[in-house]
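Q: requesting a structural model of the entry that follows:
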Amino acid sequence: MATLWWIMLAGASAIALALGAILARAWTGSPLLARLGPERLTLWGGVVVPTLVLAALVAAALALGERLRPGDATLRVEAVARQWGWDFAYPAAGLASAGVLHIPAGRDVDVAVTSADVIHSLWVPRLAGKIDAIPGRVNLLRLHAEAPGRYAGVCAEFCGLGHAAMPFAVEAHPPEAWEEWLREAAR
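A: As a prediction, this is how the structure comes out:
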């Protein structure tokens with residue numbers, strides 16, 4: 001998402017510069033821009049350049065958006081919020097944990113988020129944006145920890161008087177230790 005944001009910023013800047021060139025020509029009568037002539041300047045700065053930039057932005061958005069879709073190799077974890085804690089289930093392994101979400105580092109993890117009671121919001125600031133946990137609905141959030149470590153997570157939606165007691169942790173295991181954690185947790 002951050003990569004797409006930077007690409008969109010660059011594209012918007014290119015369009016703004018092209019339109020700015022047209023305005024500069026109109027207001028100042030710049031000799032450099034005057035050589036292009038008003039018809040050519042309008043055609044290139046107002047039609048051709050914006051069309052090319054927007055086409056490139058759409059292509060980038062489609063290509064990067066495909067990477068955000070769940071894939072077969074993506075690990076799926078279920079997160080259930082309840083006043084005042086988080087329960088995590090790993091359906092493929094038949095495991096569960098409370099208060100700590102275990103994931104492999106360097107791999108995409110789709111977290112299916114729901115709530116058992118009121119609206120909550122799962123947020124791990126260093127790994128992803130936040131997503132609401134709504135009773136009766138499952139929302140999907142993709143996490144990706146580049147490096148092993150422990151990452152802080154919170155409920156980012158006021159959900160009652162015990163809200164402050166709902167932090168959780170995400171433990172990103174090194175790839176070689178992920179399988180070991182699964183075996184240990186299964187015992």
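
Q: now the phi/psi pair for Ala145, please.
A: When read as degrees, to the nearest 10, the backbone of Ala145 gives phi -100, psi 120.

Q: ok, it - contacts?
A: Neighbour list for Ala145: Ile103, Ala105, Gly106, Leu127, Tyr151, Val170, Ala172 [criterion: CB atoms under 8 Å, 6 or more residues apart in numbering]. (Each C-beta comes from the backbone N, C-alpha and C, glycine too.)

Q: what lines up beside the host helix or strand of Gly153 in the sheet?
A: Using DSSP states H and E, Gly153 maps to strand 149-155. Strand 149-155 pairs in its sheet with strand 120-123 (antiparallel), strand 168-173 (antiparallel), by DSSP bridges.

Q: tell me which of the ones you listed is the most buried.
A: Mean neighbours per residue, mean count of other CB atoms under 10 Å, is largest over those for strand 120-123, with a mean of 25.

Q: buried residues in the top helix by length along the chain?
A: Assignment by DSSP state H gives helix 2-28 as the longest helix of the chain. Within helix 2-28, the residues scored as buried using 16 or more other CB atoms under 10 Å are Leu4, Ile7, Gly11, Ala14, Ile15, Ala18, Ala21, Ile22, Arg25.

Q: and for stretch 96-109?
A: Ser97, Leu101, His102, Ile103, Pro104, Ala105, Arg107, Asp108, Val109.

Q: do stretch 83-91 as well
A: Along stretch 83-91, these residues count as buried under the neighbour rule (16+ other CB under 10 Å): Gln83, Trp84, Gly85, Trp86, Asp87, Phe88, Ala89, Tyr90.

Q: and for stretch 121-140?
A: So, applying 16+ other CB under 10 Å, buried residues of stretch 121-140: Ser121, Leu122, Trp123, Val124, Leu127, Ala128, Lys130, Ile131, Asp132, Ala133, Ile134, Asn139.

Q: want to throw the buried residues of stretch 96-109 into a markdown table with secondary structure, pLDDT and distance to Leu52?
A: Below are these laid out as a markdown table (DSSP: H, G, I helix; E, B strand; the rest coil; pLDDT from 0 to 100; distance: CB to CB, whole Å):
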| residue | secondary structure | pLDDT | distance to Leu52 |
| --- | --- | --- | --- |
| Ser97 | strand | 94 | 50 |
| Leu101 | strand | 96 | 43 |
| His102 | strand | 96 | 46 |
| Ile103 | strand | 96 | 40 |
| Pro104 | strand | 95 | 41 |
| Ala105 | coil | 95 | 39 |
| Arg107 | coil | 90 | 36 |
| Asp108 | strand | 89 | 32 |
| Val109 | strand | 92 | 37 |
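
Q: go through these and name the one nearest Arg40.
A: Taking CB to CB as the measure, Arg40 sits nearest to Asp108 out of these, at 47.4 Å.

Q: buried residues in stretch 142-162, which are they?
A: For stretch 142-162, burial by neighbour count (16+ other CB under 10 Å) applies to Arg142, Leu143, Ala145, Pro148, Tyr151, Gly153, Val154, Cys155, Ala156, Glu157, Cys159.
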